[in-house]
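K.L.:
Provided below are the primary sequence and the corresponding predicted coordinates.
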Amino acid sequence: MIKDALEAVQKRMADAMAKAGRTDRVTLIAVTKNHPVSAVETVAQLGVRTVGENRVQEAKEKLLTYNGPELEWHLIGHLQANKVRQAVPLFSLIHSVDSSKLLDEINKVAAKCGKIQDVLLQVNVAREASKSGLTVEDFPEVRDYAKTLPNVRVRGLMCMAPFFENPEEARPIFRVAHALYEDMKSKFPEGQIEYLSMGMTHDFEVALGEGANMIRVGTAIFGNRVYD
């Protein structure tokens, strides 16, 4: 079942890329929130190499029992400052950085771990009250502050669009995020800004059309989330 669903997602990706005339590489992040570690092992055996978790504790528990091919684990959910100490050793990329305070904490913990932590800055383009992320106006200040921190390396930008019945309505939001991402490239050393993380199960084709090179897909691969 997961195999068929994954193949369907990969076909949707290929079709959207072809429609946009793109031949570059896109990373599919399998979002495993509220799915068992066996599901993670299944997608890994099928060739997925990046998984996204929303909660630090859930990722920690899965990592303890995971038995499969080597994976990159990304944190895609909101990160509280008091969870940074647990998060930094676990994740190769933290997508959801949305304040100077959080950057400070990540920098401090990463220094103690002897690590340079790769992060994305999350921008709330649509100004949704229910979602985290920097406003477009606050983004430049936090972006520039991140450059001063020796144990943090900004690799790009993350954006979440509101849920629209018609995914095409997300296009202007993704377009703004892409413009911010392109502008970032000139503000950092060449090659450092590499990732534009946007698009989920219901709107990733539109995100790919607007330049996303990381998409975060859970439901279309694993089905609806399982809650205790």
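P.N.:
Nice, thanks for sending it over.
K.L.:
The longest helix seen in the chain: how far from the chain's middle?
P.N.:
Scanning the chain for the helix with the most residues, using DSSP state H, yields helix 2-19. Relative to the chain's own centre, helix 2-19 is displaced by 19 Å; criterion: CA atoms, centre = their mean, to the nearest Å.
K.L.:
Dump it to PDB, restricted to CA.
P.N.:
Taking Å, rounded to 0.1, in the frame of the first residue of the first chain, the C-alpha atoms of helix 2-19 are listed here in PDB:
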ATOM      1  CA  ILE A   2       2.800   2.400   0.900                       C
ATOM      2  CA  LYS A   3       4.700   1.300  -2.200                       C
ATOM      3  CA  ASP A   4       1.700   2.200  -4.500                       C
ATOM      4  CA  ALA A   5       1.100   5.500  -2.700                       C
ATOM      5  CA  LEU A   6       4.700   6.500  -3.000                       C
ATOM      6  CA  GLU A   7       4.800   5.700  -6.700                       C
ATOM      7  CA  ALA A   8       1.700   7.800  -7.200                       C
ATOM      8  CA  VAL A   9       3.400  10.700  -5.400                       C
ATOM      9  CA  GLN A  10       6.500  10.300  -7.500                       C
ATOM     10  CA  LYS A  11       4.400  10.300 -10.700                       C
ATOM     11  CA  ARG A  12       2.700  13.500  -9.500                       C
ATOM     12  CA  MET A  13       6.100  15.100  -8.800                       C
ATOM     13  CA  ALA A  14       7.400  14.000 -12.300                       C
ATOM     14  CA  ASP A  15       4.300  15.400 -14.000                       C
ATOM     15  CA  ALA A  16       4.500  18.700 -12.100                       C
ATOM     16  CA  MET A  17       8.200  19.100 -12.900                       C
ATOM     17  CA  ALA A  18       7.700  18.300 -16.600                       C
ATOM     18  CA  LYS A  19       4.800  20.900 -16.700                       C
END
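K.L.:
Buried residues of it, list them for me.
P.N.:
2, 5-6, 9-10, 12-13, 16-17 (16 or more other CB atoms under 10 Å). Heads up, the C-betas are built off the backbone N, CA and C, glycines and all.
K.L.:
Stretch 176-196 too?
P.N.:
In terms of neighbour count (16+ other CB under 10 Å), stretch 176-196 has its buried residues at 177-178, 180-181, 184, 188, 193, 195-196.
K.L.:
Include pLDDT and secondary structure when you put those into JSON lines, please.
P.N.:
Below are these laid out as JSON lines (pLDDT from 0 to 100; DSSP: H, G, I helix; E, B strand; the rest coil):
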{"residue": "A177", "pLDDT": "98", "secondary structure": "helix"}
{"residue": "H178", "pLDDT": "98", "secondary structure": "helix"}
{"residue": "L180", "pLDDT": "98", "secondary structure": "helix"}
{"residue": "Y181", "pLDDT": "98", "secondary structure": "helix"}
{"residue": "M184", "pLDDT": "97", "secondary structure": "helix"}
{"residue": "F188", "pLDDT": "97", "secondary structure": "coil"}
{"residue": "I193", "pLDDT": "98", "secondary structure": "coil"}
{"residue": "Y195", "pLDDT": "98", "secondary structure": "strand"}
{"residue": "L196", "pLDDT": "98", "secondary structure": "strand"}
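K.L.:
and of the residues you listed, the nearest to R127?
P.N.:
Nearest to R127 out of the buried residues of stretch 176-196 is A177 (CB to CB; 13.0 Å).
K.L.:
wouldn't that closest one be in contact with M198 here?
P.N.:
Yes. Applying CB atoms under 8 Å as the test, A177 and M198 come out as touching, 5.7 Å apart.
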